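Student: return atomic coordinates for the entry below.
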Amino acid sequence: MVEDLQTGREIATEETTRALSSNESSGSTPSEAGHGSRLSLTAALAAAAALAACGGGGGGGSSGAAFLAAGGTNGATSTGSTQVAAGSLTALQNTPTAGTYIYTTAKTDDEAARFLLQAQFSATETDIAAVRAKGYLTWIGEQADLAPSQTGWQWLASKPYNTAYTDNMIWNQLMSSPDGFRKRMAMVFSEIFVVSANDIGSSWPDMMMAQYWDTMVASVTTNFRKLLEDITLNPAMGFYLNTRGNMKENSSGRQPDENFGREVMQLMTLGLYQLNADGSIKRAADGTPLDTYTQDDVTNIARVFTGYDLDIKTAEKGVFTPPGQTYTIESNQWTQRPMVLTENNHSTMASNFLGTTIAAGTKGAASLKTALDTLTNHPNTAPFICKQLIERLITSNPSAAYIARVAAVFADNGAGVRGDMKSVFAAVLLDNEARSPAGLTDPNFGRLREPMLRLVQWARSFGVTSVKDTWKVDNTSDAANRLGQSPLRSPSVFNFFRPGYVPPSTVLASEGKVAPEFQLVNETSVGGYLNYMQNILQNGYDTKDVSASYTVEKSLVFDAAALVRRLNLVMCANQLSAATVALITNALATPPIPAGSTNDTLKNNRIYAAILMVLASPEYLIQK
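Tutor: Numbering: from 1, shown residues only. Purely as a prediction, here's the structure:
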């Protein structure tokens with residue numbers, strides 16, 4: 001596998017070098033060479049990125065570089081000491097899991113940057129210094145305990161009606177909110193408890209999506225059981241999976257809608273198959289996986305989720321007239337409130353599911369409590385959820401021991417509390433398998449960076465602001481012309497990609513490994529990503545209202561090597577290979593920029609080209 005990877009990188013380097021050499025010998029004037037170099041370089045980088053991403057999204061052939069998206073194992077279990085934690089994370093130190101931590105502080109900027117790029121969206125020099133000074137656990141504790149920043153709902157409510165939408169809200173939250181740790185963890189939750197803005201309709205769909213997002217953000221520092229109830233009663237989820245207005249059975253043959261009942265088990269808590277504590281599948285004597293639930297379980301638990309509807313107060317109806325219209329609608333306050341129960345619409349039939357019985361005649365609130373308690377306490381929930389958290393943040397194929405250690409913290413945070421998400425996220429980030437330098441050289445460790453996270457990293461790394469505070473970044477779902485992914489716009493309840501996705505006809509497939517994010521990758525999406533980023537690096541959005549300052553990069557623009565060193569640290573935690581660093585540095589030398597030059601176009605093009613080359617490099621695309 002190492003040989004396959006090296007071959008892929010050599011081919012990419014050869015193709016890029018050939019394009020650069022062709023451009024350098026073109027005999028153009030310096031200004032023309034600058035323009036031509038930028039364009040031909042993009043074409044060469046597209047070929048390099050395609051090599052790195054080949055094998056995903058239905059692509060045909062096997063690729064040596066494709067297996068990079070797989071995660072690996074190093075199985076470190078030696079004991080070590082932990083730093084004193086901040087806030088409520090102190091209890092974590094009492095767990096057997098915490099007693100195994102070896103890597104508790106960042107001894108180098110590289111280690112700090114690597115941690116930050118897993119724990120939030122970016123790694124600025126200020127953040128790197130803070131992590132090195134405080135240690136990992138204390139930094140996490142402080143970030144978890146930060147005062148909440150402006151919510152998505154509050155930001156939308158501050159704008160005139162119908163001038164800001166879900167996309168603007170979420171990009172504002174991801175690109176500019178000060179609490180990057182919470183927002184990164186909330187993004188993970190949004191890919192498990194999926195609600196898509198593509199399929200939400202009402203008088204106030206954007207306000208509903210903002211409240212849904214705020215629910216994900218709040219859940220990072222609360223409890224899984226609370227999250228499960230909050231998302232069950234969330235109005236956006238009610239619209240998305242049909243619990244809004246879900247009615248009990250009647251004599252005409254109507255039955256409760258089963259959509260949420262099925263998905264809350266399959267996708268949000270249990271998964272399809274029974275699991276051991278380490279995430280491995282339990283099997284029957286003949287080797288077939290044991291199902292977690294049956295259709296009878298779905299039918300019975302669906303009765304619990306009947307009788308709920310939007311909480312629109314009578315005094316709030318017909319009180320708002322949209323600008324330029326003559327009709328009235330209700331105010332938007334209900335979008336902040338959980339759905340409410342109308343007892344007469346709730347099924348009172350007995351429900352039997354997952355070994356639990358709810359007696360006939362049980363009231364709706366009591367039924368809901370029993371169901372959600374059952375789901376939270378089910379032995380599948382900890383390993384099923386924890387494995388996905390690890391996949392989204394650290395590595396696509398964590399070891400069974402890694403999953404078991406994090407699941408143990410889910411079961412007990414050190415103070416007897418189940419589902420304490422602060423401690424669980426800390427356990428994901430602090431595990432030896434996440435922090436060990438062995439992962440850097442293990443070809444089976446890591447994950448493909450999601451396209452939308454690459455864009456957010458660009459924004460946070462290079463000082464993106466919106467002067468008018470409109471954040472008109474809009475929907476980036478188009479794979480041919482944009483990113484092929486946009487936050488809160490999953491194409492289905494199954495997320496942008498499935499946790500068990502395996503790129504067909506690849507080394508990954510032959511080794512039984514998964515690469516979830518590669519479900520987004522195909523020839524169209526690779527080219528679309530590079531073309532889109534080339535434009536955004538230069539032009540930003542909305543006539544440059546949303547644009548990057550590149551302040552530090554401008555101070556380094558005359559020294560190509562120093563510029564690349566800075567990008568290598570903050571974007572890649574210094575994981576670019578020496579060959580890639582040399583390739584990028586040499587490419588930036590043409591056209592030359594004389595010291596003291598006032599040619600801003602020439603200087604800016606060097607910055608854009610440098611960042612674009614990093615964004616296209618295999619070492620960047622695969623996060624380790």
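Student: check contacts around Arg254.
Tutor: Met247 (Cβ atoms under 8 Å, 6 or more residues apart in numbering). To be clear about C-beta, it is placed using only N, CA and C from the backbone, and glycine gets the same treatment.
Student: how about the helices in the stretch 151-300 of the chain?
Tutor: Listed in chain order, the helices of the stretch 151-300 of the chain (DSSP state H, counting those that start in this stretch) span residues 152-157, 166-176, 180-190, 205-219, 224-232, 235-240, 259-266, 295-302.
Student: now render the ones you listed as JSON lines, adding distance to Asn604, mean pLDDT and mean neighbour count.
Tutor: Listed next are those as JSON lines, based on distance: least, Cβ to Cβ, whole Å; pLDDT from 0 to 100; neighbours: other Cβ atoms under 10 Å:
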{"stretch": "helix 152-157", "distance to Asn604": "31", "mean pLDDT": "98", "mean neighbour count": "21"}
{"stretch": "helix 166-176", "distance to Asn604": "21", "mean pLDDT": "98", "mean neighbour count": "24"}
{"stretch": "helix 180-190", "distance to Asn604": "27", "mean pLDDT": "98", "mean neighbour count": "23"}
{"stretch": "helix 205-219", "distance to Asn604": "34", "mean pLDDT": "97", "mean neighbour count": "24"}
{"stretch": "helix 224-232", "distance to Asn604": "44", "mean pLDDT": "98", "mean neighbour count": "20"}
{"stretch": "helix 235-240", "distance to Asn604": "41", "mean pLDDT": "98", "mean neighbour count": "25"}
{"stretch": "helix 259-266", "distance to Asn604": "47", "mean pLDDT": "98", "mean neighbour count": "22"}
{"stretch": "helix 295-302", "distance to Asn604": "57", "mean pLDDT": "98", "mean neighbour count": "19"}
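Student: now render those as a markdown table, adding distance to Ser510.
Tutor: Output for these, formatted as a markdown table (distance: least, Cβ to Cβ, whole Å):
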| stretch | distance to Ser510 |
| --- | --- |
| helix 152-157 | 43 |
| helix 166-176 | 36 |
| helix 180-190 | 29 |
| helix 205-219 | 36 |
| helix 224-232 | 36 |
| helix 235-240 | 37 |
| helix 259-266 | 28 |
| helix 295-302 | 34 |
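Student: of the ones you listed, which approaches Thr381 most closely?
Tutor: helix 224-232 (7.6 Å; Cβ to Cβ).
Student: which one, of the helices of the stretch 151-300 of the chain, ends up nearest to Pro592?
Tutor: Per Cβ to Cβ, nearest to Pro592 of those: helix 166-176, 34.0 Å.
Student: and the closest one, what does it pack against?
Tutor: Applying 3 or more Cβ pairs under 8 Å, 6 or more residues apart in numbering; DSSP states H and E, we find helix 166-176 packed against helix 152-157, helix 180-190, helix 205-219, helix 451-461, strand 465-466.
Student: tabulate those (JSON lines), appending distance to Asp559.
Tutor: Compiled in JSON lines, those are given as follows (distance: least, Cβ to Cβ, whole Å):
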{"stretch": "helix 152-157", "distance to Asp559": "39"}
{"stretch": "helix 180-190", "distance to Asp559": "29"}
{"stretch": "helix 205-219", "distance to Asp559": "40"}
{"stretch": "helix 451-461", "distance to Asp559": "19"}
{"stretch": "strand 465-466", "distance to Asp559": "26"}
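Student: quick one: closest of the ones you listed to Ala616.
Tutor: Here helix 451-461 is closest among the helices and strands packed on helix 166-176 (Cβ to Cβ), at 10.4 Å.
Student: and that closest one, how far out from the chain middle?
Tutor: 11 Å (Cα atoms, centre = their mean, to the nearest Å).
Student: nearest spatial neighbour of Asp230, chain-adjacent residues omitted?
Tutor: Among residues not flanking Asp230 along the chain, Thr215 sits closest, at 5.1 Å (Cβ to Cβ, 6 or more residues apart in numbering).
Student: thinking that neighbour is in contact with Thr232, fair?
Tutor: No - between Thr215 and Thr232 there is no contact under Cβ atoms under 8 Å: 10.6 Å.
Student: which one of the helices and strands packed on helix 166-176 lies closest to Glu125?
Tutor: helix 451-461 (10.5 Å).
Student: keeping just the C-alphas, turn the closest one into CSV.
Tutor: What follows is helix 451-461, C-alpha atoms only, in CSV (Å, rounded to 0.1, in the frame of the first residue of the first chain):
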residue,chain,number,x,y,z
PRO,A,451,-15.4,19.9,0.8
MET,A,452,-17.5,22.2,3.0
LEU,A,453,-15.0,21.9,5.8
ARG,A,454,-12.2,22.9,3.4
LEU,A,455,-14.1,26.1,2.6
VAL,A,456,-14.7,26.9,6.2
GLN,A,457,-11.0,26.3,6.9
TRP,A,458,-10.1,28.8,4.2
ALA,A,459,-12.4,31.4,5.7
ARG,A,460,-11.1,31.0,9.2
SER,A,461,-7.5,30.7,8.2
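Student: give the contact list for the residue nearest to Asp230.
Tutor: If you count contacts by Cβ under 8 Å, 6+ apart, then Thr215 has 227, 230-231, 234 around it.
Student: over to Phe239?
Tutor: Taking Cβ under 8 Å, 6+ apart as the definition, contacts of Phe239 comprise 199-202, 208.
Student: just give me the least confident of these.
Tutor: Ranked by pLDDT, these bottom out at Gly201 (86).
Student: OK, contacts around that one?
Tutor: So Gly201 contacts Phe239 (Cβ under 8 Å, 6+ apart).
Student: which parts of the stretch 301-450 of the chain are strands?
Tutor: 308-309, 340-341, 351-353, 356-358, 447-448 (DSSP state E, counting those that start in this stretch).
Student: partners of the second one in the sheet?
Tutor: When you say that, I think you mean strand 340-341. strand 308-309 (antiparallel) (DSSP bridges).
Student: where does the residue lying closest to Glu191 once chain neighbours are set aside sit: helix, strand or coil?
Tutor: In this structure, Glu191 finds its nearest non-sequential neighbour in Asn495, 4.8 Å apart by Cβ to Cβ, 6+ apart. Recorded secondary structure, Asn495: coil (DSSP: H, G, I helix; E, B strand; the rest coil).
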